[in-house]
Structure formats: structure tokens, C-alpha cells
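**Student:** Sharing a sequence plus its predicted fold:
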Amino acid sequence: MLDTLLNDGWNYHDGESERLAVELEQASAQAEDRHLDPLLNLVAHTMGEHLSDWPRARRLIEQVMAGRAPSKATARSWSRLGVVRLMTGDVAGGVAADLDAASAAEDPLATMLEARFLLVNALVGAHSADAAAGVYTGALALARRLGDAAPHRVIAVASNNLASELVEAKTRTPGEDALMAAAAEAAHEFWMKIGTWVHDERARYLKALVANALGRPEEALAEADAALEIIAANDEQPVDTTFLTLARSRSLRLLGRAADSAAALAAADAAAAAWDDQGLKDWYAEERARAVV
């Protein structure tokens with residue numbers, strides 16, 4: 001049951017968060033060491049970020065971790081425990097779990113750094129980008145000093161999430177604009193260390209959104225066009241292509257190319273209208289509303 005839940009739960013974690021939370025509570029007693037990282041990740045994301053109930057997430061995670069000892073295989077799980085403790089205001093408990101993770105890990109410094117980016121993810125998911133900013137900036141500087149020893153994937157994810165949260169904000173300060181641009185650039189930088197061409201084109205899409213939001217349409221258009229060229233050289237990505245076309249429409253409008261903008265918007269609208277997935281249609285509607293403002 002738990003294996004199925006961890007695989008399928010992501011499909012409805014946002015729309016039916018309470019249902020999934022109850023199911024996770026019921027199935028958690030089955031957890032083996034191999035389940036820990038995906039289980040704790042899903043618990044924190046569903047209960048903490050979506051339901052805004054970090055104490056509930058902490059209770060379940062501490063229940064799952066009770067009686068276990070830190071090991072190389074479970075070090076990240078202790079980092080996740082540290083995050084939920086910090087998100088409930090337990091600084092001492094959070095630091096203690098971080099130290100347990102680092103003491104068991106093969107690379108203690110990289111593990112401590114990874115924990116900081118896991119905290120950034122949690123803060124961004126809790127819509128606390130301001131709180132995440134200081135942690136993110138310091139952790140990113142250290143990551144670049146570590147080079148290949150840095151945890152590239154978690155840095156890419158945290159950077160992507162931070163930039164995405166800021167680009168969707170209705171208002172931003174100049175400092176937040178700079179942070180948004182830096183995070184989008186870092187997301188692309190670190191995805192390119194471990195990702196595929198799909199990560200490349202999606203990171204460029206995010207950079208196009210950020211450039212449009214900053215009033216840099218030429219830069220945005222260049223990123224969107226580069227992403228479309230990557231797709232054309234590899235395989236079809238109809239959903240990504242639609243969103244990139246929508247981003248191009250905004251860039252073209254900002255550049256004063258009204259006819260080209262209208263044509264791109266019409267092409268994106270036609271592609272989105274053919275989708276069967278209502279969740280995708282809703283996402284497109286949200287992005288379209290921002291693109292035409």
C-alpha cells in the first residue's frame with residue numbers, strides 16, 4: 001500500500017491534500033528505510049506546504065523516525081526531520097537533526113548544505129520567499145565554492161521554486177527582482193550539471209518568464225526561442241511548446257510587435273484548447289492572464 005501511495009499520491013496531493021494526509025498517516029507504520037526519503041518528502045510537502053500544518057507533518061515524521069539510528073542511507077531523512085522542526089519553530093531540535101544527518105553522511109558538509117536548500121524549498125512552499133532569501137543566498141555562495149561536491153539536484157530544485165514563486169508575485173521590490181533573476185540563472189546552471197535537454201529547455205522557459213517580468217523582452221524572446229530550438233532538435237514537447245509560445249507572445253507585445261504577438265497568442269490558445277487535462281487548462285489560463293497584462 002505504501003509503495004503505491006508514494007507513487008500515486010503526487011497525482012492528487014494538491015487537489016486532495018487532506019485525503020492524502022490521512023492516507024499517509026494510516027500507511028506510515030509500514031515504512032522501511034527505503035521508503036523514508038520519498039515518504040518524508042511527500043508528508044512535508046502535503047501537510048506542511050499545502051495544508052499549512054507543519055506541526056502535523058512534524059508529528060508524523062517524528063513517529064516514522066522514532067527508534068531509527070542515522071546512517072549513510074538515511075542521512076537525508078534526518079535532514080528532512082530538521083526542516084520540519086525548524087518550520088515549527090524548534091531551532092534546537094532542527095539543528096540537532098541536521099547534525100545527526102551530517103554525522104552519518106559520507107560528506108558532512110555537502111549534507112549540511114543540502115539541508116539548507118531543503119529548508120529553502122519548505123519556506124518557498126510556505127510562501128515565505130522573504131525568509132528564504134537570506135538562507136538561499138548564503139547557501140548558493142557556499143555551493144559554488146564546493147563545486148562538484150555540492151548537491152546539484154536539490155540546488156536546482158530550490159532555485160527553480162524560488163524563482164517561480166517570485167515571478168508569480170503581484171509586486172516585488174528591486175531586491176526581490178534581483179533575487180528572482182539570480183535564482184532563475186542558478187536553476188539553469190545547476191540543472192545543466194545533472195539534467196537532460198528537457199531540464200535545459202524548461203530552465204530557459206523560466207528564464208524567459210523572469211526576463212519578461214523584469215521588462216527585458218529581447219532577452220526573454222531569445223531564451224524562449226532557444227528552448228524551442230532544443231525541443232525541435234530532440235523530441236516533441238507539445239505542452240512545453242505551448243507555454244513557450246505564450247511567453248513569446250508576451251515578449252513580442254512588449255517589443256511593440258502587436259501582429260506577431262497576436263499570432264503567437266492565437267497559436268498557444270489553439271493548442272491549449274485541445275488539451276483534455278483540466279489541471280493543465282487551469283494552469284494555462286493562469287499563465288495567460290499574466291502574459292496579457
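**Tutor:** Cool, got the structure. Numbers count the residues shown, from 1 in each chain.

**Student:** Surely L42 touches L2?
**Tutor:** No - contact criterion Cβ atoms under 8 Å: L42 and L2 do not qualify, at 10.5 Å. Where C-beta positions appear, they are placed from N, C-alpha and C, glycine not excepted.

**Student:** In the stretch 1-150 of the chain, what residue spans correspond to strands?
**Tutor:** Under the criterion DSSP state E, counting those that start in this stretch, the stretch 1-150 of the chain contains no strands.

**Student:** Flag the shaky bits of it, pLDDT-wise.
**Tutor:** Low-confidence segments of the stretch 1-150 of the chain, defined by pLDDT under 70, are absent.

**Student:** Run a quick neighbour tally on A271.
**Tutor:** 17 (other Cβ atoms under 10 Å).

**Student:** so where does it fall, helix or strand?
**Tutor:** Assessed by DSSP states H and E, A271 sits inside helix 258-273.

**Student:** Can I get that helix as CSV, trimmed to CA atoms?
**Tutor:** Output of helix 258-273 as CSV, limited to C-alpha atoms (Å, rounded to 0.1, in the frame of the first residue of the first chain):
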residue,chain,number,x,y,z
ALA,A,258,1.5,43.5,-32.0
ALA,A,259,0.7,41.4,-35.0
ASP,A,260,3.3,38.8,-34.2
SER,A,261,2.2,38.8,-30.6
ALA,A,262,-1.4,38.1,-31.5
ALA,A,263,-0.4,35.3,-33.9
ALA,A,264,1.7,33.6,-31.1
LEU,A,265,-1.1,34.0,-28.6
ALA,A,266,-3.6,32.5,-31.1
ALA,A,267,-1.4,29.5,-31.7
ALA,A,268,-0.9,28.9,-28.0
ASP,A,269,-4.7,29.3,-27.3
ALA,A,270,-5.5,26.8,-30.1
ALA,A,271,-3.0,24.2,-28.7
ALA,A,272,-4.3,24.6,-25.1
ALA,A,273,-7.9,24.3,-26.2
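
**Student:** Work out the gap between the next helix or strand along the chain from it and the centre of the chain.
**Tutor:** Sequence order places helix 278-291 as the next helix or strand after helix 258-273, per DSSP H and E. Distance of helix 278-291 from its chain centroid, counting by Cα atoms, centre = their mean, to the nearest Å, is 18 Å.

**Student:** picking up where we left off before, return the list of helices and strands in contact with the helix holding A271.
**Tutor:** If you count contacts as 3 or more Cβ pairs under 8 Å, 6 or more residues apart in numbering; DSSP states H and E, helix 258-273 packs onto helix 238-254, helix 278-291.

**Student:** Got the phi and psi for the closest residue to I155 other than its chain neighbours?
**Tutor:** Among residues not flanking I155 along the chain, F190 sits closest, at 4.6 Å (Cβ to Cβ, 6 or more residues apart in numbering). Taking degrees, to the nearest 10, you get phi -80, psi -30 for the backbone angles of F190.

**Student:** Please tell me how far F190 sits from A262.
**Tutor:** 36 Å (Cβ to Cβ, to the nearest Å).

**Student:** In terms of neighbours, single out the busier of those two.
**Tutor:** F190 (27 against 13).
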